[in-house]
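**Q** Just need the structure, nothing else, for what follows:
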Amino acid sequence: MGPKGRLVGIDYGTKRVGLAVSDPLGLFAQPVGTFTPTEAIDVLGRVDAEDGIDVIVIGWPLEENGSHGKMTGLVAEYIRRLKKRFPDVEFVRRDERYSSEHAKELIKAGQRPSLRKTGRSRIDTAVAGMLLQGYLDETSHLNDA
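**A** The predicted model follows:
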């Protein structure tokens, strides 16, 4: 049996937070958009009110050598904020090293317009979707077993 609510992907940044949500069956990540950190929590509140949220998959920004850095601490603080608002949601941290570069490659491969101006927002949303889709793909194989 699948999840009761949606699964959400988050790419946290101090200025922008990319969001993606799963389809109702929990098979595919769908982009939502990019918001300020506070706006993102409000958007998640609406998703939770409408469909419920079971899992939040959030990018964990490790340093290249795998250690924790300044951004890891900022993401940990954001997770604490989210847990206060959504105490019954499971949180999954996913290594997001090189995810922005991978998202840029995917956007360019899709022959999207130039990455100037709105490009950064598109990348943040794409990363959120990639994090979530990776989790969905991994967990769907576990459910098939």
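
**Q** show me the contacts for Asp54.
**A** Pro3, Lys4, Gly5, Arg6, Leu7, Val89, Glu90 (Cβ atoms under 8 Å, 6 or more residues apart in numbering). Bear in mind the C-beta positions are built from the backbone N, C-alpha and C, glycine included.

**Q** Check Ile58 too.
**A** Contact analysis of Ile58 by Cβ under 8 Å, 6+ apart lists Gly9, Ile10, Tyr12, Val75, Tyr78, Ile79, Leu82, Phe91, Val92, Arg93, Arg94, Leu131.

**Q** in the protein, which helix or strand is least confident?
**A** One helix or strand of the chain scores below all others by mean pLDDT, DSSP states H and E: helix 99-109, with a mean of 54.

**Q** what stretches of this protein score poorly on pLDDT?
**A** Scanning the chain for pLDDT under 70 picks out 1-3, 97-121, 141-145.

**Q** Okay, strands next: where are they in it?
**A** Secondary structure of the chain by DSSP state E: the strands cover 6-11, 17-22, 29-35, 53-60, 90-95.

**Q** Contacts for the third one, please.
**A** I take that to be strand 29-35. 9, 16-23, 42-43, 121-122, 124-126, 128-130, 132-133, 136.
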